[in-house]
Structure formats: structure tokens, C-alpha cells
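Chemist: Give me coordinates for this.
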Amino acid sequence: ETLRRAAARSAFLQELGDALRPLEDPGAVVAAATALLGRRLRLARCGYVENDAGGTSGTVTRDWTDGRMPSAAGSHDLSGYGAPVLE
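Modeler: Modelled structure (predicted):
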């Protein structure tokens, strides 16, 4: 079981590296990474949040959805998510 999971993780990291390596635009990197990770983890939505300097809000500039959930793009109050998100 452990070897199988390690092999699957290694294959995913290889796929991720192959997809991101040729990309130069940061937005394209975020779009590709969130799509691959969202599909891999079978999520309805996956995004990248940039925290503000104060750490109490964040902005999702791009995200990926599988169509079951709307985009979360925009600014969000992060105070309700707890310390791990705000750090």
C-alpha cells in the first residue's frame, strides 16, 4: 500500500512538473496547478489565495472548478478560517 501511494504521488508530481515547466506567466502556472490538483484530489473547487499584508483577508485571482461550484475568485475575509490559514 505504501509503495503504491508513493508511486502515485511521484507520478502526480512528475505530471505537475511537466505541465508547469514550460509556463512563464504566473497566472498560467496557477491555473494549471489548481486544475491538476483539483482533479487529482477530486475536489469541486481548488484555488490559490494571496493573503494581504495584515493577514486578515485574501484574494483568489484564479481558481478551478469542476462545474459543481461557482468560482471563488475575488477578495475574502479569512478571519473565520483560523490561524493555519492566516499564517
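
Chemist: tell me the phi and psi of Asp25?
Modeler: Main-chain torsions, Asp25, degrees, to the nearest 10: phi -80, psi 120.

Chemist: and the next element down the chain from the lengthiest strand in the chain?
Modeler: Assignment by DSSP state E gives strand 57-65 as the longest strand of the chain. Tracing the chain C-terminally past strand 57-65 and defining elements by DSSP states H and E, one meets strand 74-77 next.

Chemist: Quick one: mean pLDDT for that next one?
Modeler: Strand 74-77 shows an average pLDDT of 90 in the prediction.

Chemist: Was I right to think Gly55 contacts Leu78?
Modeler: Yes: with contact defined as CB atoms under 8 Å, Gly55 reaches Leu78; the gap is 7.4 Å. Every C-beta, even on glycine, is put in place using the N, C-alpha and C of the backbone.

Chemist: And the two? Which one has more around it.
Modeler: Leu78 (16 against 13; other CB atoms under 10 Å).

Chemist: Please tell me how far the more buried one sits from Pro26.
Modeler: Computed with CB to CB, to the nearest Å, the distance linking Leu78 and Pro26 is 21 Å.

Chemist: Next: Arg4.
Modeler: 34 Å.
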